[in-house]
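Novice: Predicted coordinates and the sequence they were generated for:
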Amino acid sequence: MQTVKMVVTGPFSSGKTEFIRSISEIDVVSTERGISKNTGEAQVKEATTVAMDFGRITVDDDLVLYLFGTPGQRRFDFMWEILAEGMLGFIVMVDSAKPETFREAKSILETFRAYAPTPYVVAANKQDHPEAWNPDDLRIALRLEPEVKLLPCIAKERDSVRNVLLELLYTILEEMEQ
């Protein structure tokens, strides 16, 4: 039995937990805590991951994927390096409808590239949102090299999540064969 550890990272509220929940065959182990956010008009209750999310997918009899979701807030970034240990690849989630988070996404991408020279993909999440940037424009905004896979994604949709995971898995397997 081969196991592959993948890390799902990205800015706060980019869809990491939802991504893992959509595909995991087990109940996701989650360390979400409630937070209050003042929007100017009202206090909004949200949840944030403070340590990690964990899910598992059995691809076939010989292959199991372990998915580890990171906290998105910088105050919990001490967990990033711990979760990156032993990863064979990672996914950077970007909220396509929130351009104010693009710089943070690029910074997180560079941080994870520094942890380990493993394959990665960028998931342009929330493509179903009316204000979502299309992947070509997002590539320019994130200053991604042409060889970096930037994939449209809707974290709530299992098929969309599966496509992103398969792209990363194929990239990992290609690199292992070299």
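Specialist: The structure has been received and is ready for your questions.
Novice: Burial check on residue 170, number of neighbours?
Specialist: For residue 170, the count of nearby residues is 13 (other C-beta atoms under 10 Å). The C-beta positions use only the backbone N, C-alpha and C, and glycine is treated the same way.
Novice: do you know how far it is from residue 74?
Specialist: Here residue 170 is placed at a distance of 32 Å from residue 74 (C-beta to C-beta, to the nearest Å).
Novice: so which strand or helix has residue 90?
Specialist: strand 89-95 (DSSP states H and E).
Novice: can you list contacts of that strand?
Specialist: Contacting residues not belonging to strand 89-95 are listed as 4, 6-11, 13-16, 19, 84, 101-102, 105, 108-109, 112, 118-126, 138, 142, 153, 155, 164-165, 168-169, 171-172 [C-beta atoms under 8 Å, 6 or more residues apart in numbering].
Novice: at 7 Å what do you get?
Specialist: Here strand 89-95 makes contact (C-beta atoms under 7 Å, 6 or more residues apart in numbering) with 6-11, 13-16, 19, 101-102, 105, 108-109, 112, 118-126, 138, 164, 168, 171-172.
Novice: Take those and keep only those in strands.
Specialist: Cross-referencing these against strands under DSSP state E gives 6, 7, 8, 9, 120, 121, 122, 123, 124, 125.
Novice: what's the burial count for the second one?
Specialist: Summarising burial for residue 7: neighbours were counted as other C-beta under 10 Å, giving 27.
Novice: right, and it touches residue 87 too?
Specialist: Yes. With contacts counted by C-beta atoms under 7 Å, residue 7 reaches residue 87, the gap being 4.7 Å.
Novice: what touches both of those two?
Specialist: With C-beta under 7 Å, 6+ apart as the test, residue 7 and residue 87 reach no residue in common.
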